[in-house]
Structure formats: structure tokens, C-alpha cells
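A.B. asks: here is my input; please provide its structure:
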Amino acid sequence: MRGRRVLMVVTVVAVAGAVTAVELWGTPFLEVLSWALAPVALVVAVGALDPAGTRALIKGVLAAVRRQRRTALCVLLLPVLLIGAGGSAGRPSLNTVTGVVLVFEGRVPNVVFTRAADGVGYCSRTDRTWVTRWRGPSIARDWPRFDDFTAFTSTYGGLEVFGRRGDRLVFGYRDPDLRWHAVQQIGGGIAGKPAALEDGTPDAGRRFLVFAADGAGGVKVFERTDYAGGWPPQWSARSTLRTPLADIEGLAAAKDRHGRLVLVLRSRGRLFQMHRDPAPTGKDVSAGWSSPRPLRLPGRALPAVTGDPAYAAVDDISVARALHVAVPTASGVVLLSTRDVTRDWQIETVALGFTPEAVARLDSASADDSRSTVIVLVRDHALEYVWRDGRSTWSEPVRLTC
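C.D. replies: Numbering: from 1, shown residues only. Now for the predicted structure:
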């Protein structure tokens with residue numbers, strides 16, 4: 001009976017280690033390591049207080065293992081089974097991901113993703129350690145499947161999502177109370193990945209813009225102006241920006257520090273940019289756009305891109321003064337940045353040794369003013385990510401779990 005009690009104490013410690021590992025790490029190697037080290041940590045702690053008692057404890061455990069072989073086997077297997085089940089039981093699958101976007105809600109980073117079988121979900125975190133498990137996921141199970149999508153957080157709060165289903169543009173919303181609202185169609189005749197942003201301020205009046213390729217070298221613009229809490233919000237098709245490009249496969253939209261609206265377009269493996277100055281063009285969003293031109297790099301050519309560009313989500317004011325774009329290539333990710341779209345872009349290559357299906361970037365500053373950059377990517381329909389602190393080297397790709 002004494003042997004069983006000893007083994008039960010060891011079991012409780014091991015199970016506690018396994019549960020902690022499942023919740024914090026989400027990585028099988030670290031889970032098993034944490035489970036294995038939990039009893040060792042107990043022995044070391046007790047040994048520091050009572051060496052003689054520790055030796056007696058170890059002898060007692062070994063004697064109990066010899067007498068209670070079957071019980072000992074259960075002790076070894078139980079945490080392993082918990083790790084295998086705890087990492088997936090009750091958690092929606094993240095092995096069918098088709099797209100990813102990074103956004104901030106306040107200062108909370110969110111990884112927003114689409115799945116092959118249904119609509120949208122997201123995971124979040126409140127720390128900046130990056131190595132631990134993300135929280136979630138929350139899934140909009142009643143939403144339909146999207147072929148492409150984008151998302152952002154507005155000054156109203158909540159998560160605004162824009163998806164393409166065939167040639168239709170649809171809009172969905174998750175409010176600040178974490179309730180998912182039904183998807184509505186807001187336009188048609190589009191192709192590729194849409195882009196969206198909020199233009200204006202609460203004082204001057206909010207305006208929300210969505211840009212989407214029309215499949216014939218043009219960009220359709222949809223607009224929603226400020227509304228007093230009415231639902232569903234009313235969208236209108238404003239115009240189509242005509243370009244000389246043969247086709248546009250996807251695009252990203254942002255507003256720079258000068259108040260310009262800036263589009264980065266992907267067409268046949270190349271990136272182009274066009275922008276609109278805030279004055280004197282006024283509020284007519286269809287007027288005042290520059291012609292598309294290839295992104296300029298100082299003294300080198302941009303590698304061929306294999307996926308859609310994505311502007312970085314930023315919570316650091318010093319970083320936000322520049323525009324940051326991530327785009328997948330055949331061997332990894334290219335990071336582009338500029339403080340003035342009328343000048344050259346700077347380039348950094350992140351070599352991964354494989355072709356991501358989609359990428360998103362996040363730039364963040366923690367409470368101690370340390371900066372970090374995170375790239376979340378889709379690989380074989382699963383989420384992975386790499387990160388770095390400051391100007392340190394990039395981490396190895398890690399499976400994103402939540």
C-alpha cells in the first residue's frame with residue numbers, strides 16, 4: 001500500500017507537468033521534456049531541504065516500481081496520453097488552413113485564418129514571448145468557406161472580415177463582445193484577394209474602403225461611411241480604377257504617414273504600387289490615383305513572388321512611420337519597407353527553404369520597449385511562424401498551436 005501511495009505522488013507531479021506543458025508550450029518535444037523534468041524538479045527541491053529524506057524517497061520509488069510494475073507503467077503512460085489528447089481534444093483543427101492575416105485588437109495580437117471546410121477563426125496572445133501556445137481558437141462555425149480573405153480591426157472595435165466567394169465580395173463581423181454576425185454580400189465581379197482599411201477619424205468621420213481586382217486589370221472600390229450602430233451596414237460600389245496591367249492576382253492596401261492611400265498589386269509574379277495623395281483630390285476615392293509602377297529597389301531586382309502581399313500589423317509608433325510589406329517567394333519570404341512610396345523600397349530576404357502558401361507580418365513593442373517581428377505563414381495547410389527580437393537572427397519555423 002505504501003508503494004502505491006508513493007507512485008500516486010509521483011503521478012500527480014508528472015500529470016501536473018504534462019498539463020502545464022500542454023497549455024503553455026503546445027510543442028510535443030517541450031511537453032515530453034516538461035513532463036520528464038517535473039518529478040526530477042520535485043526530487044531536487046526536496047533534496048535541497050532534506051538530503052537523507054531524498055535518498056529514502058528515491059529508494060522507496062525504486063522499490064515501489066519493482067513491486068508494482070503495472071502501476072509504474074500506468075504512471076509513465078498517463079502523462080504521455082494526456083499530452084497526446086490534451087493538445088487536440090476540444091480544439092478545432094488547424095491542419096486545413098488556407099489563408100492568414102495578422103491584426104491587433106488594442107495591443108493584443110490576433111492570428112486570423114480561414115479553413116478549407118468553413119469560415120474564419122482566430123487565436124490571440126497577451127504576451128510577447130512567442131514561444132508559448134497562442135490562446136483560442138475562436139471559430140465562426142456558421143460562416144461559409146472563403147476563397148480569399150482579409151481582415152482588420154476598426155475604431156468601432158471588433159474584427160471586420162472581407163472574403164471572396166467565387167466572384168462575390170462578402171463581409172462579416174465579430175463584435176467587441178466576441179459575437180460573430182452573419183455574413184452579407186456587398187459586391188460582385190471580383191477576383192483574387194481583396195484588401196480593406198479604415199480611412200478618416202472618429203472626429204472627421206469614419207470611412208471604410210475595400211479594394212478588389214475585377215479580373216480584367218482593374219481594381220473595384222467599395223465604400224461604407226460612418227453609421228450610427230445600424231446593422232447590417234450599407235456598402236456601395238464607388239468606382240473601378242483602371243490600370244494597364246493585364247491581370248491583378250491580389251493586392252494589399254494601407255495608409256502611410258503622409259495620409260496617402262497606397263496599393264501594392266501582384267501581377268504575374270511581380271509587385272506594383274499605386275497611391276493617392278490626400279489633397280487636392282478630396283473625398284472622391286476614385287480620383288487622384290497614380291499609375292501603377294514596379295516597386296523600386298536600390299540597385300537590385302525584386303525576386304519573383306509566389307503569393308499575395310500583406311501589410312504588417314503594427315503597434316509600435318516608431319515602426320508605424322514606415323510601410324512594411326511581406327510577400328512569399330519560392331524559397332521563403334521577402335520583407336519590404338519604405339518611409340516614402342515615391343522613393344525606393346528596402347528589402348530583406350528571410351530564407352526558409354520552402355514556398356509558403358500565404359504570409360502575414362506583425363511588428364510589436366513590449367512593455368520594456370523591446371521590439372519584435374513575427375511572420376506567420378501557411379505551409380501544407382498548417383500555420384507556422386518565425387520571429388526575432390530587435391535585430392537578432394530569425395528563429396526556426398515553429399508550428400503555431402492554440
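
A.B. asks: show me where pLDDT drops low in the protein?
C.D. replies: Along the chain, segments meeting pLDDT under 70 span 1-58, 60-93, 201-205, 226-231, 279-282, 316-320, 366-369.

A.B. asks: and it, what are its domain boundaries?
C.D. replies: Domain ranges of the chain: 2-86, 97-399, per automatic domain parsing.

A.B. asks: the spatially closest residue to Arg135 that is not a sequence neighbour bridge partners, please.
C.D. replies: Take Arg135 and drop its neighbours on the chain: the residue closest to it by C-beta to C-beta, 6 or more residues apart in numbering is Ser124, 5.4 Å away. To be clear about C-beta, it is placed using only N, CA and C from the backbone, and glycine gets the same treatment. Ser124 forms beta bridges with Asn110, Arg135, as assigned by DSSP bridges.

A.B. asks: for Val376, which residues are in contact?
C.D. replies: With contact set as C-beta atoms under 8 Å, 6 or more residues apart in numbering, Val376 has these partners: 100, 102, 111, 359-362, 383-385, 400.

A.B. asks: and it, which helix or strand is it part of?
C.D. replies: When elements are assigned from DSSP states H and E, Val376 belongs to strand 371-379.

A.B. asks: partner strands of that strand, with direction?
C.D. replies: Here, using DSSP bridges, strand 371-379 pairs with strand 358-365 (antiparallel), strand 382-389 (antiparallel).

A.B. asks: most packed of these?
C.D. replies: Compared across those, strand 358-365 shows the largest average neighbour count, a mean of 23 (mean count of other C-beta atoms under 10 Å).

A.B. asks: using PDB, list the CA coordinates for that strand.
C.D. replies: The C-alpha trace of strand 358-365 is given here as PDB (Å, rounded to 0.1, in the frame of the first residue of the first chain):
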ATOM      1  CA  ALA A 358       0.500  32.700 -47.600                       C
ATOM      2  CA  VAL A 359       2.200  35.000 -45.200                       C
ATOM      3  CA  ALA A 360       1.400  37.800 -42.700                       C
ATOM      4  CA  ARG A 361       3.700  40.100 -40.700                       C
ATOM      5  CA  LEU A 362       3.400  41.700 -37.300                       C
ATOM      6  CA  ASP A 363       5.700  44.300 -35.600                       C
ATOM      7  CA  SER A 364       5.300  44.800 -31.900                       C
ATOM      8  CA  ALA A 365       6.900  46.600 -29.000                       C
END
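
A.B. asks: please state the offset of it from the chain centre?
C.D. replies: Mean-position distance between strand 358-365 and its chain equals 7 Å (C-alpha atoms, centre = their mean, to the nearest Å).

A.B. asks: same question, stretch 336-353
C.D. replies: With C-alpha atoms, centre = their mean, you get 20 Å for stretch 336-353.

A.B. asks: likewise for stretch 345-354?
C.D. replies: Taking mean C-alpha positions (C-alpha atoms, centre = their mean), stretch 345-354 and its chain are 18 Å apart.

A.B. asks: give me the residues contacting that stretch.
C.D. replies: 295-298, 300, 302-303, 325, 329, 331-338, 375, 377, 379, 386, 394, 397.

A.B. asks: quick one, which of those are buried?
C.D. replies: 295, 297, 302-303, 325, 329, 331-338, 375, 377, 379, 386, 394, 397 (16 or more other C-beta atoms under 10 Å).

A.B. asks: among the domains of the chain, which is the most enclosed?
C.D. replies: Looking across those with neighbours counted as mean count of other C-beta under 10 Å, the highest average goes to domain 97-399: a mean of 18.

A.B. asks: how long is it from one end to the other?
C.D. replies: 12 Å (C-alpha to C-alpha, to the nearest Å).

A.B. asks: show me what contacts the residue most central in space within the chain?
C.D. replies: Among the residues of the chain, the one closest to the centroid is Val111, at 2.9 Å (C-alpha atoms, centre = their mean). Residues near Val111 by C-beta under 8 Å, 6+ apart: 100-102, 122-124, 134, 360, 376, 383, 400, 402.

A.B. asks: which residues of the chain fall in helices?
C.D. replies: Under the criterion DSSP state H, helices of the chain are mapped to 2-24, 28-49, 51-67, 69-86, 317-320.

A.B. asks: from the contacts of Val111, which is closest to Lys283?
C.D. replies: Val101 (27.3 Å; C-beta to C-beta).

A.B. asks: so that closest one makes contact with Ala360?
C.D. replies: Yes: the pair Val101 / Ala360 is scored as a contact, 5.4 Å apart, by C-beta atoms under 8 Å.

A.B. asks: shared neighbours, these two?
C.D. replies: With C-beta under 8 Å, 6+ apart as the test, Val101 and Ala360 both reach 111, 310.

A.B. asks: which outside residues touch the longest strand belonging to the chain?
C.D. replies: Secondary structure of the chain per DSSP state E: the longest strand is strand 191-201. Contacts to strand 191-201, defined as C-beta under 8 Å, 6+ apart, come from residues 99, 148-152, 154-155, 160, 162-164, 167, 169, 206-215, 226, 247-255, 261, 263, 266, 285, 308.

A.B. asks: how distant is that strand from the center of its chain?
C.D. replies: 18 Å.

A.B. asks: what angle do it and strand 358-365 make?
C.D. replies: Between strand 191-201 and strand 358-365, the angle comes out at 30 degrees (axes from the mean of the first three to the mean of the last three C-alpha atoms, to 10 degrees).

A.B. asks: dump strand 191-201 to CSV, keeping only the CA atoms.
C.D. replies: Provided in CSV are the C-alpha atoms of strand 191-201 (Å, rounded to 0.1, in the frame of the first residue of the first chain):
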residue,chain,number,x,y,z
ALA,A,191,-11.1,38.2,-58.4
GLY,A,192,-8.1,37.4,-56.2
LYS,A,193,-7.5,38.6,-52.6
PRO,A,194,-9.3,41.8,-51.5
ALA,A,195,-7.8,44.5,-49.3
ALA,A,196,-9.5,46.7,-46.8
LEU,A,197,-8.8,49.6,-44.5
GLU,A,198,-10.3,52.4,-42.4
ASP,A,199,-9.8,55.9,-43.8
GLY,A,200,-10.7,59.0,-41.7
THR,A,201,-11.1,59.6,-38.0
